[in-house]
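Student: Would you be able to build a 3D model of this:
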Amino acid sequence: QVQLVESGGGLVQAGGSLRLSCAASGRTLGLYYMGWFRQAPGKEREFVAGISRSAASTDYADSVKGRFTISRDNALNTVYLQMNSLKPEDTAVYYCAAEAGWRSTSVYEYDYWGQGTQVTVSS
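Tutor: The predicted structure follows:
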């Protein structure tokens, strides 16, 4: 099993930036495809970004393309989400997740989840 802990959330003004981190323990992160998801109040959890095991490929939701960047450091067992040009509609709880299979944007394909970190963007 792998345990995931997110950090780096907070309150930021529109146009600002935040960097989220997801630290893994238990098993090496390099075994997993990693994703970031978010869930706003009253909405379903949605895919934000994903990164392959070697970091050779990444995927993004259309709503964050050009503003968010996912990266990983397998030696540090950590995945990051750099969020720039934040908008109020980015406000949500952000989760990182690990998938033992192949790249996916579906919450149902992911095997392990962190507890989430709150991101609030004020207008």
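
Student: partner residues bridging the residue nearest the centre of the chain?
Tutor: For the chain, the residue sitting closest to the mean C-alpha position, by CA atoms, centre = their mean, is Trp36 at 2.3 Å. Listed beta-bridge partners, Trp36: Ala49, Cys96 (assigned using DSSP bridges).

Student: So it is in contact with Cys96, correct?
Tutor: Yes: using CB atoms under 8 Å, Trp36 and Cys96 qualify as a contacting pair, with a distance of 5.5 Å. For the C-beta atoms, the positions are set from N, CA and C on the backbone; glycine is no exception.

Student: Show me the common contact partners of those two, please.
Tutor: Taking CB atoms under 8 Å, 6 or more residues apart in numbering as the contact rule, Trp36 and Cys96 both touch 20, 22, 79, 81.

Student: Can you point out the helix or strand that includes the last one?
Tutor: Using DSSP states H and E, Leu81 maps to strand 78-83.

Student: Only the buried residues of that strand, if you could.
Tutor: By neighbour count, and taking 16 or more other CB atoms under 10 Å as the criterion, the buried residues in strand 78-83 are 78-81, 83.

Student: where's Gln82 relative to Arg19, distance?
Tutor: Counting by CB to CB, to the nearest Å, the gap between Gln82 and Arg19 amounts to 5 Å.

Student: Export the buried residues of strand 78-83 as TSV, with columns for distance to Gln13 and pLDDT.
Tutor: Below are the buried residues of strand 78-83 laid out as TSV (distance: CB to CB, whole Å; pLDDT from 0 to 100):
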residue	distance to Gln13	pLDDT
Thr78	26	97
Val79	25	98
Tyr80	21	98
Leu81	18	98
Met83	13	98
